[in-house]
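# Attaching a predicted model along with its sequence, questions to come.
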Amino acid sequence: MTDMHCAVDAQAKLAECPRWDERTQTLYFVDIDAFILYAYDTKSNALTKREFTEEIGCFSLTEDDGFIAAFRSGVYTFTDFTAELTPYWLATYDQKTTRFNDGRCDAKGRFLSGTMYSPKDAFNGALYQFSHGSSTVLDQAAWTSNGLAFSPDSSVMYYSDTPNHVVYQFDYDINTGQASNKRVFIEFPRGNGRPDGAAVDCEGNYWSALYQGQRVVKISPAGEILEEHAVPALYPTMVAFGGPDMSTLFVSTCRAAHSEEELKTYPQAGGIFAIETNVKGQIEPRFAG
Ligand SMILES: O=C(O)[C@H](O)[C@@H](O)[C@H](O)[C@H](O)CS(=O)(=O)O
């Protein structure tokens with residue numbers, strides 16, 4: 001396996017939600033705190049951006065090549081990279097303390113996204129599910145919703161609460177969208193990184209970006225750490241599989257959390273890094289409406 005290299009030197013405040021478009025070989029990602037959605041065309045190396053007026057936490061592509069995205073004020077759709085936003089679900093939570101953070105679609109095209117409750121004095125972070133105009137709260141017991149991912153057969157849903165250093169598993173019924181039997185999948189010791197964004201490969205392994213842990217870990221479905229990969233930044237935030245054969249692992253990173261002294265060691269923090277793996281990732285499901 002090759003070392004991790006910088007694929008996009010974005011210098012982002014908080015790069016997150018890398019998402020591979022297999023149809024166009026484009027890597028999309030956000031800079032949450034700069035209110036930006038980026039598109040990196042891997043064929044031309046062109047990087048384009050769209051600026052919004054609030055934090056964009058995460059997004060999924062749609063079946064008709066549009067976007068559904070979760071912001072601070074709610075969930076919106078847009079038909080292409082530059083199209084105007086159409087409200088899908090407006091926040092019922094307190095926007096002064098809460099915003100959407102991590103999310104993705106399940107295999108039936110339902111969009112799920114969890115919220116980040118910044119005061120961290122109550123477990124107000126919730127996991128929402130959106131489909132055909134309706135919304136459902138699947139869980140409400142987190143500080144920072146993160147690490148949402150699904151097993152290849154959709155029978156297991158993963159969901160992390162970053163500041164509490166834990167990743168949960170749920171049983172997931174892809175036909176009904178119901179999640180049940182919440183249990184701890186893995187807990188990480190304090191002081192050496194905490195589970196941020198994640199992806200599951202085609203073999204069912206859970207790849208987790210360890211925020212403040214300077215690495216990505218590959219974890220078996222049974223919860224055994226199989227591999228660790230160092231990241232040239234202290235704060236990896238999320239991973240995504242992509243590339244011509246879906247075996248490239250992209251890793252987004254946060255720049256703003258580094259000190260000026262740390263940035264001398266990690267000058268490309270805030271970038272998107274990449275490493276070739278010996279497994280294939282799942283193609284991301286698209287929002288069905
Ligand atoms: O990258 C993310 O998912 C969050 O937006 C980050 O801010 C990060 O996960 C969060 O800050 C971690 S924690 O809440 O400080 O533990």
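It's in. Not measured: the values here are computed from a predicted model.

# Near the ligand, which residues of this structure? Just list them.
14, 16, 32, 101-102, 116, 144, 146, 162-163, 194, 196-197, 211, 237 (CB under 6 Å from any ligand atom). Every residue, glycine included, has its C-beta placed from N, CA and C.

# Out of those residues, which two are the most distant from each other?
Largest separation among the residues of the chain next to the ligand by CB to CB: 32 and 194, giving 17.0 Å.

# does residue 251 have beta-bridge partners, and which?
Under DSSP bridges, the beta-bridge partners of residue 251 are residue 239, residue 273.

# Find me the pLDDT at it, would you?
Per-residue confidence (pLDDT) for residue 251: 98.

# swap in residue 90?
98.

# Equivalent analysis for the one 5 residues further on, please.
Per-residue confidence for residue 95 comes out at a pLDDT of 98.

# residues contacting it?
For residue 95, the contacting residues are 72-73, by CB atoms under 8 Å, 6 or more residues apart in numbering.

# Could you tell me how far it is located from the ligand?
15 Å (CB to the nearest ligand atom, to the nearest Å).

# for residue 89, same thing?
For residue 89, the distance to the ligand - CB to the nearest ligand atom - is 20 Å.

# For the protein, which residues score under the pLDDT cut-off?
For the chain, residues meeting the criterion pLDDT under 70 lie at 1-2.

# Which of the three states applies to the residue located most distally from the centre of the chain?
For the chain, the C-alpha farthest from the mean C-alpha position belongs to residue 261; by CA atoms, centre = their mean, that distance is 27.6 Å. With DSSP: H, G, I helix; E, B strand; the rest coil as the basis, residue 261 sits in helix.

# quick one: it and the ligand, what's the gap?
20 Å.

# And for residue 31?
11 Å.

# thought that residue was touching residue 11?
No: using CB atoms under 8 Å as the test, residue 31 is too far from residue 11 to be in contact (9.1 Å).

# More neighbours: which of these two?
residue 31 (26 against 15; other CB atoms under 10 Å).

# Which residue ranges of the stretch 1-150 of the chain form strands?
5-8, 15-21, 26-31, 36-41, 46-51, 56-61, 67-71, 74-78, 86-90, 98-105, 111-117, 125-131, 134-142, 145-150 (DSSP state E, counting those that start in this stretch).

# I'd like those written out as JSON lines, with distance to residue 270 added.
Shown next, in JSON lines, are the strands of the stretch 1-150 of the chain (distance: least, CB to CB, whole Å):
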{"stretch": "strand 5-8", "distance to residue 270": "10"}
{"stretch": "strand 15-21", "distance to residue 270": "6"}
{"stretch": "strand 26-31", "distance to residue 270": "8"}
{"stretch": "strand 36-41", "distance to residue 270": "12"}
{"stretch": "strand 46-51", "distance to residue 270": "13"}
{"stretch": "strand 56-61", "distance to residue 270": "16"}
{"stretch": "strand 67-71", "distance to residue 270": "20"}
{"stretch": "strand 74-78", "distance to residue 270": "25"}
{"stretch": "strand 86-90", "distance to residue 270": "29"}
{"stretch": "strand 98-105", "distance to residue 270": "18"}
{"stretch": "strand 111-117", "distance to residue 270": "19"}
{"stretch": "strand 125-131", "distance to residue 270": "24"}
{"stretch": "strand 134-142", "distance to residue 270": "25"}
{"stretch": "strand 145-150", "distance to residue 270": "18"}
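
# how about the ones you listed, which one is nearest residue 244?
Nearest of these to residue 244, taken as CB to CB: strand 15-21 at 10.6 Å.

# So what touches that closest one?
26-32, 57-61, 102-103, 197, 237-243, 246, 250-255, 270-272, 281, 283-284.

# how about the CA coordinates for that strand, as PDB?
Taking C-alpha atoms only, strand 15-21 is exported to PDB below (Å, rounded to 0.1, in the frame of the first residue of the first chain):
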ATOM      1  CA  ALA A  15     -12.700  20.000   4.900                       C
ATOM      2  CA  GLU A  16     -15.400  17.300   5.200                       C
ATOM      3  CA  CYS A  17     -17.700  15.000   3.300                       C
ATOM      4  CA  PRO A  18     -15.500  13.900   0.400                       C
ATOM      5  CA  ARG A  19     -17.900  12.200  -2.000                       C
ATOM      6  CA  TRP A  20     -16.900  10.400  -5.300                       C
ATOM      7  CA  ASP A  21     -19.100  10.800  -8.400                       C
END
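
# quick one: that strand to strand 145-150, angle?
Orientation check (axes from the mean of the first three to the mean of the last three CA atoms, to 10 degrees): strand 15-21 against strand 145-150 gives 20 degrees.

# quick check: angle from strand 15-21 to strand 56-61?
Using the same axes, to 10 degrees: strand 15-21 against strand 56-61 is 10 degrees.
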